[in-house]
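Enquirer: A predicted structure for the sequence below; I have some questions about it.
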Amino acid sequence: QEDHQQDTPIARFQRYLRINTAHPNPDYSPAISFLKLQAQSIQLQARTIEFTPGKPVLLLTWPGSNPSLPSIILNSHLDSVPAEPSKWVHPPFSAVRSPDGKIFARGAQDDKCIGVQYLEAIRNLKAKNFVPTRTVHVSYVPDEEIGGVDGAAKFVASKLFQELRVGFALDEGQASPGDEFRVFYADRSPWSLVIKAEGTPGHGSRMYDNTAMENLMKSFEVISRFRDSRFDVVKAGEAANSEVISVNPVYVKAGIPYPNGFVMNVQPSEAEAGFDVRMTPTADPDLMRRIIAEEWAPAWRNMTYKITEKGPLRDYTGRPLVTPTNDSNPWWSVFKQAITAVGGKLAKPEILASTTDARYLRQLGIPALGFSPMTNTPILLHDHNEFLKDTVYLKGIEVYESIISSLSSFEEASH
Ligand SMILES: CSCC[C@H](NC=O)C(=O)O
Ligand SMILES: [Zn+2]
Ligand SMILES: [Zn+2]
């Protein structure tokens with residue numbers, strides 16, 4: 001294909017997309033090599049740090065003329081979720097460009113687009129002899145899709161990160177089906193919930209009280225009611241999906257396995273289910289824990305449970321992980337103006353329904369916005385046939401040029 005031979009912004013995007021960094025075995029080293037080469041070609045300093053062996057963080061730096069000012073950081077993740085190739089119109093790591101300009105690849109939207117757009121924007125600014133006042137860092141972190149424990153979490157906790165003196169951060173957002181850019185000022189925080197029921201085993205023909213399955217089914221009813229009550233608010237148009245606590249069942253595990261299925265005439269003594277729970281930034285974690293303990297998995301119904309919090313819900317001062325999008329945050333006005341300067345319209349700032357590594361930055365008190373410049377684009381992250389149009393990709397580079405030049409030359413020494 002013609003795209004293979006060239007060294008154009010689109011061809012460079014395709015090259016990054018063709019590196020398979022999907023879980024469960026993301027191949028990080030070719031991705032790092034590719035990005036390092038790109039960084040070299042535009043004279044950015046590069047550092048690779050393995051906080052966990054085999055899980056590199058790449059940090060690129062464009063020094064500012066006034067390094068005493070807090071820096072800005074542009075973050076993206078190296079990894080992707082897996083793809084099911086048989087369900088795609090083009091192989092998920094082919095980065096095929098269709099005649100109408102759609103570039104198909106796992107990671108096209110989430111989030112390899114921004115990873116290279118940052119660099120293309122810097123390339124263009126350098127070509128125009130732009131010099132940033134503040135230092136600009138670009139970071140590439142592993143394992144975002146599995147929680148970032150060995151990636152962003154370790155990176156932001158490092159001495160190196162502290163030495164960067166980051167004043168403001170950008171991380172990924174989500175595509176916008178309309179013609180307004182979307183921006184995210186907070187994430188919902190994920191909890192993994194596993195509930196287990198125990199009960200009296202017995203013959204499949206008998207009806208008696210307190211079986212494990214009956215205990216688990218009662219939990220499903222209670223949890224369903226909680227889910228409906230929140231979902232009804234969303235369906236009534238009174239809140240966005242991301243503004244309520246969500247709970248969704250993700251697995252059930254019970255029964256006695258048999259070579260071709262399950263034993264059908266024994267009621268099992270144990271049953272288990274897993275739930276994805278998403279806490280809104282201002283949700284009360286103690287209240288949620290009480291609901292789980294007293295209603296969803298009560299000991300009196302022979303149930304136990306385990307909650308695993310996937311990241312922080314509050315910053316170190318106990319405040320919700322929310323970046324102000326008003327005049328109290330000078331970075332916000334600079335960001336907003338940078339979008340309008342290139343003819344972009346900005347939608348009302350939103351909470352992200354899922355989560356990103358931005359929560360680790362917000363935990364430190366660093367203002368962080370989630371932003372991926374994709375308008376008129378269907379939301380295809382984690383979906384089959386994820387794609388991004390070439391024109392949208394190229395427009396995004398222009399948007400980042402505006403954002404990076406504005407943020408990096410903004411002089412007020414506030415945090
Ligand atoms: C359990 S942390 C997982 C993080 C993941 N991030 C993107 O999809 C998410 O599910 O939101
Ligand atoms: Zn992502
Ligand atoms: Zn993702």
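Expert: Great, that's in hand. Ligands and ions are numbered 1, 2, ... in the order given.
Enquirer: So what does A273 look like in phi/psi?
Expert: Reported as degrees, to the nearest 10, the phi and psi values for A273 are phi -150, psi 150.
Enquirer: I figured it hits V194, correct?
Expert: Yes: using Cβ atoms under 8 Å, A273 makes contact with V194 at a distance of 7.4 Å. (Glycine included, C-beta is placed from N, CA and C.)
Enquirer: what residues does the stretch 101-250 of the chain put near ligand 2?
Expert: Proximity of the stretch 101-250 of the chain to ligand 2 is confined to D110, D111, E172 under the rule Cβ under 5 Å from the ion.
Enquirer: and the protein, what are its domains?
Expert: Structural domains assigned to the chain are 2-183+325-409, 189-309, following automatic domain parsing.
Enquirer: quick one on the thing from earlier: show me which of A273 and V194 is the more surrounded one.
Expert: A273 (22 against 17; other Cβ atoms under 10 Å).
Enquirer: Spatially nearest residue to that one (excluding sequence neighbours)?
Expert: Spatial nearest neighbour of A273, chain neighbours left out: V252 (4.7 Å); criterion: Cβ to Cβ, 6 or more residues apart in numbering.
Enquirer: Double-check that that neighbour belongs to a strand.
Expert: Yes: under DSSP: H, G, I helix; E, B strand; the rest coil, V252 sits within a strand.
Enquirer: Neighbours of it, how many?
Expert: 13.
Enquirer: any idea how far it is from G274?
Expert: From V252 across to G274, the span is 8 Å (Cβ to Cβ, to the nearest Å).
Enquirer: on that earlier part again, most neighbours among the residues of the stretch 101-250 of the chain next to ligand 2, which one is it?
Expert: In terms of neighbour count, D110 stands highest of those at 28 neighbours, by other Cβ under 10 Å.
Enquirer: mind listing what that residue touches?
Expert: The neighbours of D110, taking Cβ atoms under 8 Å, 6 or more residues apart in numbering as the test, are S80, V81, E172, L381, H382, E386.
Enquirer: what are the ranges of the strands in the stretch 1-150 of the chain?
Expert: 45-52, 55-62, 71-77, 96-97, 102-104, 136-141 (DSSP state E, counting those that start in this stretch).
Enquirer: First-to-last residue distance for stretch 91-100?
Expert: 17 Å (Cα to Cα, to the nearest Å).
Enquirer: these two touch, right, K218 and W300?
Expert: No: if you go by Cβ under 8 Å, K218 and W300 don't touch, sitting 11.1 Å apart.
Enquirer: Helices along the stretch 301-415 of the chain, start to end?
Expert: Under the criterion DSSP state H, counting those that start in this stretch, the stretch 301-415 of the chain contains helices at 330-341, 358-363, 390-409.
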